[in-house]
Structures are given as C-alpha cells and as structure tokens.
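A.B. asks: Sequence and predicted structure are below.
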Amino acid sequence: MGKQPEFSRMKFYCDENLCIDCNGCVVACKEAHEVPVGVNRRKVITVNEGVVGKEISVSMACMHCSDAPCQQVCPTDCFYIRTDGIVLHDKDVCIGCGYCLFACPFGAPQFPKDGAFGTKGKMDKCTMCAGGPEETNSSEEFHKYGQNRISEGKVPMCASMCSTKALLVGDADEVALIKTYRATHKGKGIATESYGW
Amino acid sequence: MDNSSFYERNKAYILTFLGLSLVGFVFIEFLMVIDWNYFIKYKLAILFTGNLDGVLTPPSSTYEAMVNKAFGPGYEAFAPEIIRASNERQLFIWWVFVAEIAIFCFMYVKYGRKEAVITKPDDEVQVFSLFQRFVMIANILIVITLIITGFNITWGLRSGGGDIAFFLRGLHEVTGIAWFPIWLLMSIIAFKDAKLLFRNSLTNKIILPGKYKPMKRIIYFFFVMMGGGLLVSGFLIWFLHPDAFTHGEFIQFKRLLLYIHFGSSVMIMFFMMDFVYSVGVAIKGNLKGIITGKYPREHLEQLAPDVLADIEGKGK
C-alpha cells in the first residue's frame, strides 16, 4: 500500500498559561477584517477571575473542526472545508437561519443585525484569515470575509499580534510540537518558534 | 338530557389525548436523541432559579468552568438532535403534511361535504362584526404568511440557499412579531366558553357567536397554547442575540427555545389543518361569510343552529 499524501490540518491553540487577557487578538482581528460592530470573530474568556494562581484566560474563535457540526447542520450547505482543514463558508448561500450557532460547540458563528427588516444577517466567523469563495484578494472577498493572509503566506492576524505568543496557529502536528517543546523546556527561558508555521 | 355514554360525549378529547400520547411516546422513545433528564432538570432550574445558562451543578474542574463560561454546558444534551433535525427531518417533513392531507382526503371521501339548502338567499343574518372580521382575516393572512415563510429552512435546503430564502427568514421573524396582537385578539374573540362563565354586553359584542363542540374546543385550546408557545419562543429566539462574550450564558436556552418553537409549530399546524378542513372544506359557504360577515338564515338553521340561537338570544 502506497504512502498516503500528507495534508496539513490547520489549527489554533491557545496556551492558557501564557494568555494575559490583553484582547490584542480580538482587536487585531476586528481591525484587520473590518468586522462590523457587535460581531467578534475571536473572544478571550477568563475563569477564576481575581483568584490568585487560578485565574486563566484563553482566546477562542472558530476551531476549524475536522468534522464540523456547522457544516453538518447547515441546510444550505454553505460551509466547505479546504484541504488544509480551514472551515469556510459562502455568504451568498447563507440564509442566516442560525442553525450553525445552535450546533457549534464553541459559539463561533456570529450574526450582524443587518438582515431583512433589521433582523440578523448572514453569518460571520473566523476564516483563519483565509478569505472565502470569492476571487482571492479581490475587493469582494475582503468586503465579505476580510483579509486573505493565508494566500500571502502570512500568519493569521490574531496569532501574529499575540504579544505573549500564547496563541499558536499552524499545522496541528507543528502546533503540538511547539506545545511539547514548551512543556519540556519550561523554566529554561523562552526559546520557542513563534507561530508554528 | 343526552343519554350517550361517557366515551361518546368525550370521544374527541379521549382520541386526541391518546393520539398525542402515542405520537409523543414514539418521538421521545425512538426518534429523538435528547438528554431528557437534563431537559427536565434544566426547565425546572429556569422556573425555580431563573438561571438560563444551563449550568445545573457547579463545575468540578477548571476545564469544566472554562467550557461553561466559553461555550455553555451540556452540549450533548440538545445540540446533536438539532443537527439531525435540521437535515434528516427536513427531508421527511413533506411526508408529515402529505399524511395529514391524506387523512382529510379520506374524511372528505367518507363523509362528503355538507351544504345547506338555500331557498331564500336574501334572508341573511349578521354573524360577524367588522372588528371580528378584521381580526379573523388578519389572523388568516398572517398565519398563511408565517407558514410559508416558516419553511424558509426547507426552501433553503431545497433551493441551496440564497437571497429568497434569506428574505423569507427575515419576513418570518417580522411577521411573527406582527402576529402577537392578532393572536391575542383572536384568542379573546374565539373564547366562546367565556359565555358559560360570564355573559354581559361586552362578551356579546366581542366574542364570536355559538358554542364549541368538543373538537373545536380542542382546536381553540391548541391555537391559544401553541400560538403562545410559538410567539414567546420565537420572540425570545429573535430577541436574544448573544454576542461572542455572552454566548455561553444564552446558547442552551436558545436551543431549548428552538425545540419549543418546533414542537409548537408541528402541533398548531395539525390542528389548524383540521380547522381549515372542518370549516372551509367539509362545509360549503362558510368562507364567504367570514368576508361579508353575513350568512343566509337557512345556512345557520341547518348547519350552525347554535350560532343562530346565540344571535337571536342577544336580540331579546
């Protein structure tokens, strides 16, 4: 049996021990993609707030699931998964029903209030800075989905702006290697790759 | 005095209860993948504590606390059923209505259509006031709009999405809000049993004439209850608009509301179809009266003597 072709599986990972709840990733994402008011593709949540030694923060967005519930639940099949594992959607097909919101375990889908009669509009979510189905780096793509940094060989905006490098993005194996490296080198200074590309 | 048996007098209630129990049992036992234990406890928690976030027990670990705060708890309780319902059920929903229509076709073939023998068409009786007609016609138009637009998910599934299904979805939400006052007025004017409790000039003016037979009383009951369930759940689904940061607090409640909305819509649709059949199809000449407000006296004498007696009773 021949060797199977290897594809990358792009994933986010946020190290809760490094995240300092600065929300730089949230702001960077909103700024880069001109995300409308009321919509946050990324969020930072903090638990045990104020409890010394137990407070942790973690930055979250779409987890780009391999077996994405949003894709399963969407009645119009507006989602598609690229060969590198990034989950994207087509806003021209989306009807804003919100089923993806009900099905997503992570609360990633967001809905602006710009739909018919002021109701919720077409779904918006993290694209891992990979744009959408429109022509790559076209103004239409930017208008609907934001920047396509992946096509330019750049790291997604949130991870690139993370000051403590808590937020990692890249091929799942690479991210796992960095996490392993950090764990084994804990207390020996910062000597990690920044992004996991 | 009616000397029929208990069963004969209460046949409609008994059969409705048994039918719904059977359908409910089949759905709960075989067709749904909901965590019913959590479902019941969550509802009780909402009622007794007002807590909507779905966290029934304090988190036992930091990880669980993080999940509760970021995503909301108990994903496995409702969400898998939503994933199934959104696709599999959408493909089969047409057959539910085909089955319902088939039942009414069978009844039509078996029992035929009643029609009054009218010899004096000019001898008409004013049955519905302008206000009552306005409420009834508005209710009919809004409900038809809600049914058509409520299938936006199914349209989307069939058409592959796009702007028309998107527009229908928005229209459904707005029409639902417009239905609230009309549903309330309709529930009031159709509360014929109120006349058994109190009778005064106001009830004479507002409430529709006549008495309910058991099946019509059941239809009225489900119109009020399921309509209320649809309106409250629909309004809250529309109104609760959690952002990324408040998602965990509301998402479980929104999932629960979605079930209440679906369940209520299925129930109200069946009884509405029953009503449309029994009023619009099984008896000829009823629809015109809803628009004009008048019916030939002979029509009422032969097909709705309770309505005529009620109107003549008011005149005395």
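C.D. replies: Arrived safely, thanks for sending.
A.B. asks: Return the residues of the stretch 1-150 of chain B in contact with chain A.
C.D. replies: By the criterion of Cβ under 8 Å from any Cβ of the partner chain, the positions of the stretch 1-150 of chain B lying close to chain A are B:62, B:65-66, B:69-72, B:75, B:79, B:82-83, B:86-87, B:90. Every C-beta, even on glycine, is put in place using the N, C-alpha and C of the backbone.
A.B. asks: Cross these against helices and list the overlap.
C.D. replies: With helices taken from DSSP state H, the overlap with the residues of the stretch 1-150 of chain B next to chain A comprises B:62, B:65-66, B:69-71, B:75, B:79, B:82-83, B:90.
A.B. asks: Quick one: end-to-end distance for stretch B:235-244.
C.D. replies: This stretch, stretch B:235-244, spans 21 Å end to end (Cα to Cα, to the nearest Å).
A.B. asks: Touching, B:Gly176 and B:Gly227? I think so.
C.D. replies: No. The pair B:Gly176 / B:Gly227 is not scored as a contact, 10.6 Å apart, by Cβ atoms under 8 Å.
A.B. asks: From the ones in helices among the residues of the stretch 1-150 of chain B next to chain A, list the buried ones, please.
C.D. replies: Neighbour-count burial (16 or more other Cβ atoms under 10 Å in any protein chain shown) applied to those gives B:65-66, B:69-71, B:75, B:79, B:82-83, B:90.
A.B. asks: In CSV, list these along with pLDDT and distance to A:Met128.
C.D. replies: Rendered in CSV, the data for those read as follows (pLDDT from 0 to 100; distance: Cβ to Cβ, whole Å):
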residue, pLDDT, distance to A:Met128
B:Ala65, 86, 27
B:Met66, 83, 22
B:Lys69, 83, 23
B:Ala70, 82, 19
B:Phe71, 85, 19
B:Tyr75, 89, 22
B:Ala79, 87, 23
B:Ile82, 83, 25
B:Ile83, 81, 23
B:Gln90, 72, 29
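A.B. asks: Just name the closest of those to A:Lys179, please.
C.D. replies: B:Met66 (17.1 Å; Cβ to Cβ).
A.B. asks: Give me the nearest residue to that closest one, chain neighbours excluded.
C.D. replies: The shortest distance from B:Met66 to any non-neighbouring residue, by Cβ to Cβ, 6 or more residues apart in numbering or on different chains, is to A:Val47 (5.0 Å).
A.B. asks: ok, now B:Thr145?
C.D. replies: Residue nearest to B:Thr145 in three dimensions, not counting chain neighbours: B:Thr175, with 4.9 Å by Cβ to Cβ, 6+ apart.
A.B. asks: Show me where chain B has its strands.
C.D. replies: Counting by DSSP state E, one finds strands in chain B at the ranges B:124-126, B:294-296.
A.B. asks: quick one, what contacts the residue lying closest to B:Asp274 once chain neighbours are set aside?
C.D. replies: For B:Asp274, ignoring the flanking residues on the chain, the nearest one in space by Cβ to Cβ, 6+ apart is B:Ile219 at 6.1 Å. Remark: with contacts taken as Cβ atoms under 8 Å, 6 or more residues apart in numbering or on different chains, B:Ile219 is in contact with B:271-272, B:274-275.
A.B. asks: Could you measure from B:Ile219 over to B:Ile311?
C.D. replies: Distance, B:Ile219 to B:Ile311, using Cβ to Cβ, to the nearest Å: 22 Å.
A.B. asks: again, but for B:Val96
C.D. replies: 39 Å.
A.B. asks: Look at the two and report which has more neighbours.
C.D. replies: Set side by side, B:Val96 and B:Ile311 give different neighbour counts by other Cβ atoms under 10 Å in any protein chain shown, the larger being at B:Ile311 (18 against 13).
A.B. asks: so that one touches B:Pro209, yeah?
C.D. replies: Yes. Between B:Ile311 and B:Pro209 a contact is recorded at 5.1 Å, counting by Cβ under 8 Å.
A.B. asks: Touching both of these two, which residues are there?
C.D. replies: Counting by Cβ under 8 Å, 6+ apart, the shared contacts of B:Ile311 and B:Pro209 are B:Val127.
A.B. asks: longest helix anywhere in chain B?
C.D. replies: As far as residue count goes, and with DSSP H defining each element, the longest helix of chain B is helix B:247-275.
A.B. asks: Return the most buried member of the strands of chain B.
C.D. replies: Of all those, strand B:294-296 has the most neighbours on average by mean count of other Cβ atoms under 10 Å in any protein chain shown, namely a mean of 20.
A.B. asks: and that one, what does it pack onto?
C.D. replies: Of the remaining helices and strands, those touching strand B:294-296 by 3 or more Cβ pairs under 8 Å, 6 or more residues apart in numbering or on different chains; DSSP states H and E are strand B:124-126.
A.B. asks: Parallel or antiparallel, list what pairs with the strand it packs on.
C.D. replies: Listed by DSSP bridges, the sheet partners of strand B:124-126 and their directions read strand B:294-296 (antiparallel).
A.B. asks: can you give me how far the partner strand is from the chain middle?
C.D. replies: Put simply, strand B:294-296 sits 29 Å off its chain's centre (Cα atoms, centre = their mean, to the nearest Å).
A.B. asks: Rounded mean pLDDT for it, please.
C.D. replies: Over the span of strand B:294-296, the pLDDT mean works out to 92.
A.B. asks: just stretch B:19-27 next, same as before
C.D. replies: When pLDDT is averaged over stretch B:19-27, the result is 90.
A.B. asks: Show the backbone phi and psi for the residue nearest to B:Met66.
C.D. replies: The phi and psi torsions at A:Val47 (degrees, to the nearest 10) take the values phi -120, psi 160.
A.B. asks: For it, give the beta-bridge partners.
C.D. replies: Under the criterion used here (DSSP bridges), A:Val47 is bridged to A:Ile56.
A.B. asks: shaky segments in the chain?
C.D. replies: All of this refers to chain A. Across chain A, the ranges flagged by pLDDT under 70 are A:1-5, A:116-117, A:187-197.
A.B. asks: Sorry, I should have been clearer: chain B.
C.D. replies: B:1-3, B:314-316.
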